[in-house]
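Q: Predicted model follows, preceded by the sequence.
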Amino acid sequence: MTSSTTARGRDFHLLWAGEGVSILGATTGTILVPLLAVLHLHAGPGWMGALTAATWLPWLVVGLPAGAWVDGWPVRRVMIAADLVSAASTASIPLAWWLGRLTLPHLLVAALVTGTAAVFFRTAYVKLIPAVVPDEQLDSANSRLFGTEAASMVVGPGVAGRLSSVLGPALGLVVTVGGFIVSALCLTAIRAGRVEQPDEEEREGLLARVAAGVRYVVHDPYLRWLAVIGALSNLGLTGYGALLVLYLVGLGLDDGGVGTYFMIAALGGVVGSAVGARLARRIGTGRASTVLLLGAPAAFLVGLPTQRGQLWLSLLGYILVGTMVVAGNVVRGSWRQRYVPREMLGRALTATSTVNYGTMPLAGVLAGWLGSTVGVRTTILLMAGVHVIACWLVLLSPLARLRALPLPEPQVAAAARPD
């Protein structure tokens, strides 16, 4: 084993550990903040939708320029700065609670700041993974990262429910703050990226770099279709997710019960991370991606219950959706990292992410308005329908005819061959 291989292995394990702790803290926060808003600040559907919109609005506002900027910056430094900004923003919530000054507008501002930091973190993150992992190990590395993320999403809600019961949801956010800090420390210890030099593309103007990423995605039929499907799917998933805590509380669950629900529901992500790469190897990346999208109707089960005793149906639906979404992310995420040229990766993926995540603020606003107008449960079912329609659009795309998603030359002829 060479020293370079050893260093890359060390760097990956640091990235893996930091991301795992960070996701655990962040997942805890995604339960604690809605609980705080609903149970203690008495937020209704409108406010819950606004919180979701504030979280995802930065992708629409700064998503594209962030991709161009990150392509010319040291990625580790970007990620460390994003972690520290997120830690400070989240820490302001328990501090304001302790001072007796916490309000719903404060939560909105904190969500906006943390969401902006997340744009830069995720954009840099996709560039750092190929820098610390050999190309032939990307599938395995992404499976581990998604698996750890999924496991954290199982543990996090249970931790959140317990923290909320013992300390209250505001003070429980200290765990979220700690996760961001641990992630920053792990990133500081990574060696990869310390001597990164700007490539020639960095000398381009900002608008030119943004335009290059958009053109790349628009002119590529596979990336274009996946961006459209992802955007509409996220509109549906984010829409019903914005009201889910409110829905569960309305069915009689307390903070501990809500945490337990999400803890069990997140098992789908664990299963998805484990089966994604295996399914792709068995039936091909193209077929695996399509099959996983066609299972979308399970989302209707999430909003089916009308009483507490029927919640097992909602859990089943959530688990199935989580399995298919995470497995699909493993398959398509590894493929994108191989398919997109390294020098274009940040811009192209940020263009895709901006389209994908850009519908999520709209989802929050739409879900808030619909929830106030036609009711929370009806809104959840309507948004599940949007997710189903989005996923089934794959049948109209060239992706449906491929056994394997295409790769750059010289592999493209074999990998992109239709049945």
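A: Sure, I can see it.

Q: in the stretch 51-200 of the chain, which spans are helices?
A: With DSSP state H, counting those that start in this stretch, the ranges of helices along the stretch 51-200 of the chain come out as 75-98, 104-132, 138-166, 169-172, 174-189.

Q: I meant the stretch 201-350 of the chain, not that one.
A: Counting by DSSP H, counting those that start in this stretch, residue ranges of the helices within the stretch 201-350 of the chain are 206-219, 221-250, 255-265, 267-283, 285-294, 311-339, 345-373.

Q: Of those helices, which is nearest Lys127?
A: Each of the helices of the stretch 201-350 of the chain was scored for nearness to Lys127 using C-beta to C-beta, and the closest is helix 345-373 (5.2 Å). From N, CA and C alone the C-beta is placed, and that goes for glycine too.

Q: what about the closest one, distance to the chain center?
A: Per C-alpha atoms, centre = their mean, to the nearest Å, the displacement of helix 345-373 from the mean C-alpha position of its chain is 12 Å.

Q: for that helix, which positions count as buried?
A: The neighbour-count criterion (16 or more other C-beta atoms under 10 Å) identifies 345-368, 370-372 as the buried residues of helix 345-373.

Q: Next: stretch 164-180.
A: Within stretch 164-180, the residues that count as buried by 16+ other C-beta under 10 Å are 164, 168-180.

Q: can you name the two of those residues that are farthest apart?
A: Farthest pair in the buried residues of stretch 164-180 (C-beta to C-beta) is Gly168 and Phe180. Separation: 20.2 Å.

Q: In the chain, spot the helix with the most residues.
A: Across the chain, the helix with the greatest residue count (assigned by DSSP state H) is helix 3-35.

Q: Mind giving me the packing neighbours of it?
A: Contacts defined by 3 or more C-beta pairs under 8 Å, 6 or more residues apart in numbering; DSSP states H and E place helix 3-35 against helix 45-71, helix 75-98, helix 104-132, helix 138-166, helix 169-172, helix 174-189, helix 221-250, helix 255-265.

Q: what's the closest of the ones you listed to Pro406?
A: Shortest separation from Pro406 across these is recorded for helix 221-250, at 6.5 Å, computed as C-beta to C-beta.

Q: Next, the buried residues of that closest one.
A: Taking 16+ other C-beta under 10 Å as the basis for neighbour counts, the residues of helix 221-250 that come out buried are 222-249.

Q: what's the spacing between Gly63 and Gly239?
A: Gly63 sits 19 Å away from Gly239, going by C-beta to C-beta, to the nearest Å.

Q: how near is Gly147 to Glu19?
A: Gly147 sits 11 Å away from Glu19, going by C-beta to C-beta.

Q: Same drill for the two, tell me which one is more crowded.
A: Between Gly147 and Glu19, Glu19 has the larger neighbour count (other C-beta atoms under 10 Å), namely 25 against 22.

Q: Below-threshold pLDDT in the stretch 201-350 of the chain: ranges please.
A: Using pLDDT under 70 as the threshold, the predicted model of the stretch 201-350 of the chain has low-confidence ranges 201-207, 209.

Q: what do you get if the cut-off is 50, keeping everything else the same?
A: Under the criterion of pLDDT under 50, the regions of the stretch 201-350 of the chain flagged as low confidence span 201, 203.

Q: dump the residue contacts of Leu171.
A: Residues counted as contacts of Leu171 (C-beta atoms under 8 Å, 6 or more residues apart in numbering) are Pro94, Trp97, Trp98, Leu163.

Q: Relative to Gly358, how far out is the closest residue to Pro34 other than its chain neighbours?
A: Taking C-beta to C-beta, 6 or more residues apart in numbering, and ignoring the residues beside it in sequence, Pro34 has Val245 as its nearest neighbour in space, at 4.0 Å. Remark: distance between Val245 and Gly358 (C-beta to C-beta) = 24 Å.

Q: got it, and Ala96?
A: For Ala96 relative to Gly358 (C-beta to C-beta), the value is 30 Å.

Q: Gly178 now?
A: Between Gly178 and Gly358 the distance, using C-beta to C-beta, works out to 31 Å.

Q: Tell me how many other residues surround Val133.
A: Neighbours of Val133 under the rule other C-beta under 10 Å: 24.

Q: Alright, calling it a day.
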